[in-house]
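**Student:** Kindly return the folded structure for what I paste below:
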Amino acid sequence: MSVAILRQGDYLIASIRSDLSDTQVLELREELSELVGEVRARGIVIDVAALDVIDSFVARSLRSIVMTARLRGAETVIVGIQPDVAIAMVQFRLNLGQLRVALDLDEALELLDRLTRRDVGDGR
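**Tutor:** Numbering: from 1, shown residues only. Okay, the predicted model is just below:
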């Protein structure tokens, strides 16, 4: 698969290195869902900087990854959306309601720190 998934502390970082087929996007969702449980990840960063296009299927799949991860106990942040890709996503009126985004990895990790810190007292 054209995705490298690394673990950094309590977080998983999935870096997409090239455009993905629909099958590969579904495999990524499955793999991330399994890894969240295996390594007890509290957060996921998905880097989409290599994607030239985020179509409706990829947008739905990203939302699905976010919701699946949340049900497994992890927050998700998307990083690296290119300016022209962002413009196209808005023009195509893609439903992005569930997505948290950041400009880069540093900002994403700070956001995940804030999101997961509030859960410290809940027994996790």
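**Student:** So for the protein, the centremost residue is which one?
**Tutor:** Nearest to the mean C-alpha position of the chain, by C-alpha atoms, centre = their mean, lies Ile46 at 3.6 Å.
**Student:** so what's that residue up against?
**Tutor:** Counting by C-beta atoms under 8 Å, 6 or more residues apart in numbering, Ile46 touches Ala14, Ile16, Leu62, Ile65, Thr76, Val77, Ile78, Val79. From N, CA and C alone the C-beta is placed, and that goes for glycine too.
**Student:** neighbouring strands for the helix or strand encompassing it, and are they parallel or not?
**Tutor:** Under the criterion of DSSP states H and E, Ile46 resides in strand 43-47. The strands that strand 43-47 pairs with in its sheet are strand 11-16 (parallel), strand 75-79 (parallel) (by DSSP bridges).
**Student:** and of those, who's closest to Asp106?
**Tutor:** When the strands paired with strand 43-47 are compared for distance to Asp106 using C-beta to C-beta, the nearest one is strand 75-79, at 9.3 Å.
**Student:** Mind listing what's buried along the next helix or strand after the closest one?
**Tutor:** Following strand 75-79 in sequence order, the next helix or strand is helix 83-91 (DSSP H and E). Residues of helix 83-91 classed as buried: Val85, Met89 (neighbour count, 16 or more other C-beta atoms under 10 Å).
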